[in-house]
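# Got a sequence here, can you model it:
(chains A, B, C and D, ligands or ions: 2)
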Amino acid sequence: MAADLWTALFIAILAAFTGYEVISRVPVLLHTPLMSGSNFIHGIVLVGAIVALGFATTPLEQAIGLVAVIMGAMNVTGGYAVTERILAMFDRSKRKGGGGP
Amino acid sequence: MAADLWTALFIAILAAFTGYEVISRVPVLLHTPLMSGSNFIHGIVLVGAIVALGFATTPLEQAIGLVAVIMGAMNVTGGYAVTERILAMFDRSKRKGGGGP
Amino acid sequence: MTNVLGTVLDAVYVVAVLVFILGLKALSNPETARRGIVYAGVAMLAAVAATFLSPGLSNFLLIAIGVMVGGGLGYYWARVVKMTAMPQMVAVFNGMGGGSAAAIAAVEILGGIGDRTIVALSIAGAVIGSISIAGSVIAFLKLQGWLPSKPIVLPARQVVGSAVLVVAVGFGVFGAVVSQLVWFLPFFLLLLLYGVLLTLPIGGADMPVVISLFNALTGIAVALDGFALVSGPLGDAGYAMVIAGTLVGAAGSLLTVLMARAMNRSIGNVVFGAFGAVEETGGPIQGSMRPMDIDDAASLLEYANLVIVAPGYGMAVAQAQQKVKELTDVLEARGVTVKFAIHPVAGRMPGHMNVLLAEAGISYDKLFDRDEINAEFPNADVVLVIGANDVVNPAARRAGSPLQGMPILDVDRAKNVLVVKRGQGKGFAGVENDLFYADNCHMLYGDAQAVAGKLVAAIKKS
Amino acid sequence: MTNVLGTVLDAVYVVAVLVFILGLKALSNPETARRGIVYAGVAMLAAVAATFLSPGLSNFLLIAIGVMVGGGLGYYWARVVKMTAMPQMVAVFNGMGGGSAAAIAAVEILGGIGDRTIVALSIAGAVIGSISIAGSVIAFLKLQGWLPSKPIVLPARQVVGSAVLVVAVGFGVFGAVVSQLVWFLPFFLLLLLYGVLLTLPIGGADMPVVISLFNALTGIAVALDGFALVSGPLGDAGYAMVIAGTLVGAAGSLLTVLMARAMNRSIGNVVFGAFGAVEETGGPIQGSMRPMDIDDAASLLEYANLVIVAPGYGMAVAQAQQKVKELTDVLEARGVTVKFAIHPVAGRMPGHMNVLLAEAGISYDKLFDRDEINAEFPNADVVLVIGANDVVNPAARRAGSPLQGMPILDVDRAKNVLVVKRGQGKGFAGVENDLFYADNCHMLYGDAQAVAGKLVAAIKKS
Ligand SMILES: NC(=O)c1ccc[n+]([C@@H]2O[C@H](COP(=O)([O-])OP(=O)(O)OC[C@H]3O[C@@H](n4cnc5c(N)ncnc54)[C@H](OP(=O)(O)O)[C@@H]3O)[C@@H](O)[C@H]2O)c1
Ligand SMILES: NC(=O)c1ccc[n+]([C@@H]2O[C@H](COP(=O)([O-])OP(=O)(O)OC[C@H]3O[C@@H](n4cnc5c(N)ncnc54)[C@H](OP(=O)(O)O)[C@@H]3O)[C@@H](O)[C@H]2O)c1
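Residues are numbered from 1 along each chain as shown, chains lettered A, B, ... in the order given. Ligands and ions are numbered 1, 2, ... in the order given. Sure, this is the predicted structure:
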């Protein structure tokens, strides 16, 4: 196993703790935005999709890579927009708020 | 800056969050063992001291490396023993406990 | 990688990760939550831009098209969807993430068939990502009502499912060992099938738990893809994926556990239990449901000191939150104290009620957790149950009930209980509700929005 | 690195880090804390052994000697030291860590003078590590009583200090730029001097905060050394240092802030304020201190329903905890409820009182935080203050007092207050205590251990 993978394992351990600890303090009030917010955060997959497509050479790789990019982009923008809409409702500064129909 | 350093920076960020979150839940009751326990944990410096001495070539490097190892070893064993002694006092299973004079 | 550009790009990833975590932390407080997501959004944009600008990439046009098409679709859809359709929306975006992770894994397998470690990691990422996309699509279809929301129970489903999964993984491993790509076609197809088979037998109302589970799984798939990328040309992108993916994996798992616990069930029971497919056993309840007319209910409310509102899924379907807000306002104008009792799994998403009530402009100071408010019910003059059923069912305190042990809102301990629902319909769990037959309980039949509106009118009139 | 051995060693580091974190987590609960430290100890042992076994090392004999000498000394000392000497013990071990970090940095500089990044990181590690060892030694000397514990205030100390620091760093940077080792000698010497100058003006009772600060600093120094090592031959050792060092850096900083906050002071004020060097201003207090004799005090205690004990530094010096435990036992045998009010900074370490009382075998169920117990004082028949002073000084509620704003135990609100102390001595802050002159307060003069012993005897006799 390459050194990079061990390092990545260190990173994964720490990230798991961080995720667990940070999230266990989120009150039930915010569980819905938490769900959609973490949905947004795994939208980082778009970065990997760009790398995959960016280094793709055969047409098959390109096609699959394009699919990856499209799906990743949907995940990231959709996740962001939904979360932002939900949280706008909790925003005291614009109480009457609420996006869309 | 080498790639390893960036990775280390990722790691440091995550470790800082983890340390902060984990520790902020420790009750005042346990602040003394927390202090000596974290003292023990930076005893990991011994690992670095072993590397420094292990790759030392000149006598000067060896001398300083030896100092590093001695001090690191003191930190780690002392930190451990103190913490363990303090925590033994909180141990319900041997209530009358208390180490040493 | 030229040195300066490389350093800048590396720094962008590190800062992005830092901001992600701070953003997640900000989510723990309603005052800061919105700021948190905006910061995280900026960080994400920066990370994506940094990746796009990295030296060595090609296919720029394709990337740009992909980002614009996917991004546009996602953004548009998220802006126009109704708030009540949120759960299936989250399911879709989650599925997209899983699909993207599976597709990345496919590309990695195509390109890296020589390197065992990378192929192994990619296979793992592909397995989880594929299950996540297929399962999320089924979850979407069920919640949207395009598939029946009842559990669809196939014969011997657990055996068949396991067999499909094992064969799929077998194809993948075999393909990796013999280094032939053709084996990965059945590999992916069978995984998608497994995701479908896994999700079909799960009832519509269990979907939120399942969505949260798939959310965590997608995070893990992304992290696995990240592992496969760290030794590649853009290692830092891989690390960022490992971090963000693991964060979500941990956070999502925790959230899933919390949700299942609030329903007093295990995750295994949710996924494999086909809950809601069985009919209730147990004798009929003594007594009858007694309706009350609107004017009597209005004056009961009006002359109360403390009214506690217990909303549930019915309020969400009826989109009654705005009327409930009006009702609160008229009652408060008459000096009545109004509080809201929020059960963590009322509705069809964790914290669903909070979102709806906040949307209607009800301050979250008035929203109380189950733990906070349960002791207060005996002091309440009236509890107004609006479209809630299982979460207020005292049968949960009775041995032998399917709900047994589920933590509920103790509304039956209040002086008077008014229940708004359309008819004799049972709640999601399909269990009779003892509450409706209690002496201190009266029914207000009708659609929640209509009934709340009538109550407002009656109180205003008096 | 042979492949199998290498993999095993890598795995050891990863597991060690995992266990460290779990160990730290276990510290948040007294039931699991001890298990936590034992696990962390095993993980540390494994990490050290893995490093020792790594291919490519030489100087094995020297390493073994160093580990045995240092380890033996540290272990022996830690086992025999008195519990009351704990703070200075922690200071010493902390200093050792800082010194080790500085020495590692020195070796890195000697070996790596060509590589700018490594030298820069090493310089940073050396700066912090050196300050930490020098400062910790001074802290030790003060707490041990080998240096006067009063602030030693030198003229223009802040200017001189800053100048020393700037010149020291200047030598280091210059040495790195011209790649000449000789400049690092004055670099290290001046840094040690700076550590001394920084710590001398800090009063003995502020030392705990400072020790905690140096603890955090040592953690950061270790992390910086780790950064310098990650690109070296044993990169994983470097990562382990980065993780553990940063963990401690973050945890220690937080603890320091909490402590300073409990004293209502900023960290800057603790480090640069030379607190305790100034004399109190403000008029004398009206009234006088009234002693009570032991038998009266004993019967007051004996016939009480609720006695709250508020211990402080005096109990620690007098080693009175065992007698206090006996007193608790005899009182409880007579049906008196006994509780302990623990102020977070009573004594000379954070949580000091908890440790002492636990040592004496008092269950931590009876120990209450300031926040938990403050509301109960008005219900207490007797509060027994044992060697506490500042933490029960109601002057903290008075504008203009040096203690103003410090959160205190509200013992003066109890029906009766008995204060055990040797004489008219002031507390650490050097402020008169209004409590001692209050109508409901009586003094029991004498050494805390002796007085507690006499109370036990008097109660047993009656
Ligand atoms: N929130 C989550 O995350 C989550 C996750 C998984 C499972 N669940 C489950 O979902 C259930 C949630 O409980 P709940 O009490 O909120 O809902 P529920 O038990 O599903 O009951 C909803 C009630 O609303 C009534 N209703 C439906 N449409 C209505 C309308 N338009 N106007 C007025 N009333 C209407 C229904 O009765 P009528 O048909 O007679 O009108 C029904 O009794 C629990 O069993 C929980 O375990 C929740
Ligand atoms: N715990 C921490 O982490 C920490 C950190 C930094 C600073 N501090 C500071 O330390 C102080 C702690 O407050 P405190 O109330 O615990 O202690 P204190 O204010 O220092 O008072 C201790 C009292 O004990 C008495 N005493 C000393 N030796 C005694 C003996 N042998 N028998 C009986 N009594 C004895 C002294 O009076 P006599 O001389 O008359 O006997 C003195 O009044 C606070 O000012 C706090 O800010 C604490």
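# Distance-wise, check residue C:453 relative to residue C:361.
Distance of residue C:453 to residue C:361, computed by Cβ to Cβ, to the nearest Å: 17 Å. The way it works is simple: take the backbone N, C-alpha and C, and place the C-beta from them, glycine included.
# Just the CA atoms of stretch C:25-43, as CSV, please.
The C-alpha trace of stretch C:25-43 is given here as CSV (Å, rounded to 0.1, in the frame of the first residue of the first chain):
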residue,chain,number,x,y,z
LYS,C,25,-20.2,23.6,12.8
ALA,C,26,-22.3,26.7,12.1
LEU,C,27,-25.2,24.3,11.4
SER,C,28,-25.5,23.6,15.1
ASN,C,29,-27.1,27.0,15.7
PRO,C,30,-30.0,28.5,13.9
GLU,C,31,-28.5,31.9,14.2
THR,C,32,-25.4,31.0,12.2
ALA,C,33,-26.6,28.1,10.1
ARG,C,34,-27.4,30.1,7.0
ARG,C,35,-24.0,31.8,7.1
GLY,C,36,-22.4,28.4,7.4
ILE,C,37,-23.9,27.0,4.2
VAL,C,38,-23.0,30.1,2.3
TYR,C,39,-19.4,29.9,3.4
ALA,C,40,-19.4,26.2,2.5
GLY,C,41,-20.8,27.0,-0.9
VAL,C,42,-18.0,29.5,-1.6
ALA,C,43,-15.4,27.0,-0.5
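# Are that stretch and chain D in contact anywhere?
No: residues of stretch C:25-43 are not located near chain D by Cβ under 8 Å from any Cβ of the partner chain, the shortest gap being 13.5 Å.
# And that stretch, what's buried?
Using 16 or more other Cβ atoms under 10 Å in any protein chain shown as the burial criterion, the residues of stretch C:25-43 that qualify are C:25-30, C:32-34, C:36-41, C:43.
# try stretch C:60-78
Within stretch C:60-78, the residues that qualify as buried are C:62-63, C:66-67, C:70-71, C:73-75, C:77-78, counting by 16+ other Cβ under 10 Å.
# What ranges does chain A have for its helices?
Assigned by DSSP state H, chain A shows helices spanning A:3-23, A:31-41, A:45-54, A:59-90.
# Select, out of those, the one closest to residue D:433.
Nearest to residue D:433 among the helices of chain A is helix A:3-23 (41.3 Å), distances taken as Cβ to Cβ.
# Which of the buried residues of stretch C:60-78 fall in helices?
Per DSSP H, the buried residues of stretch C:60-78 map to helices at C:62-63, C:66-67, C:70-71, C:73-75, C:77-78.
# Could you dump the residues you listed into a markdown table and include distance to residue C:292 and pLDDT?
Below are these laid out as a markdown table (distance: Cβ to Cβ, whole Å; pLDDT from 0 to 100):
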| residue | distance to residue C:292 | pLDDT |
| --- | --- | --- |
| C:62 | 64 | 95 |
| C:63 | 63 | 96 |
| C:66 | 58 | 96 |
| C:67 | 57 | 96 |
| C:70 | 53 | 96 |
| C:71 | 52 | 96 |
| C:73 | 49 | 95 |
| C:74 | 47 | 95 |
| C:75 | 47 | 94 |
| C:77 | 43 | 92 |
| C:78 | 42 | 92 |
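# Provide a list of residues in contact with the nearest residue to residue C:240 once chain neighbours are set aside.
Distance criterion Cβ to Cβ, 6 or more residues apart in numbering or on different chains; nearest residue to residue C:240, sequence neighbours excluded, is residue C:13 at 4.9 Å. Residue C:13 sits next to B:6, B:10, C:47, C:50, C:236-237, C:239-240 when contact means Cβ atoms under 8 Å, 6 or more residues apart in numbering or on different chains.
# State which one residue of chain A is found closest to chain D.
Using Cβ to the nearest Cβ, residue A:6 is the residue of chain A that sits closest to chain D, at 4.5 Å.
# wait, which of the ones in helices among the buried residues of stretch C:60-78 is closest to chain D?
When those are ranked by distance to chain D (Cβ to the nearest Cβ), residue C:63 comes first, at 32.0 Å.
# any idea how far the residue nearest in space to the middle of chain A lies from residue C:21?
With distances taken as Cα atoms, centre = their mean, the residue of chain A nearest its centroid is residue A:41 (2.0 Å). The gap separating residue A:41 from residue C:21 is 10 Å, by Cβ to Cβ.
# For residue C:307, what is the enclosing helix or strand?
Using DSSP states H and E, residue C:307 sits within strand C:306-311.
# where are the low-confidence patches of chain C?
Along chain C, segments meeting pLDDT under 70 span C:1-2, C:113-114, C:274-287.
# Start from the N-terminal end of it and give the strands.
According to DSSP state E, chain C carries its strands in the segments C:306-311, C:337-342, C:367-369, C:382-386, C:416-421, C:441-445.
# For residue C:110, which of those is the nearest?
Nearest to residue C:110 among these is strand C:337-342 (48.9 Å), distances taken as Cβ to Cβ.
# Packing partners of that closest one?
Here strand C:337-342 touches strand C:306-311, helix C:321-333, helix C:352-359, strand C:367-369, helix C:370-373, going by 3 or more Cβ pairs under 8 Å, 6 or more residues apart in numbering or on different chains; DSSP states H and E.
# Quick check, residue A:27 in contact with residue C:27.
No: between residue A:27 and residue C:27 no contact is recorded; they are 9.7 Å apart, counting by Cβ atoms under 8 Å.
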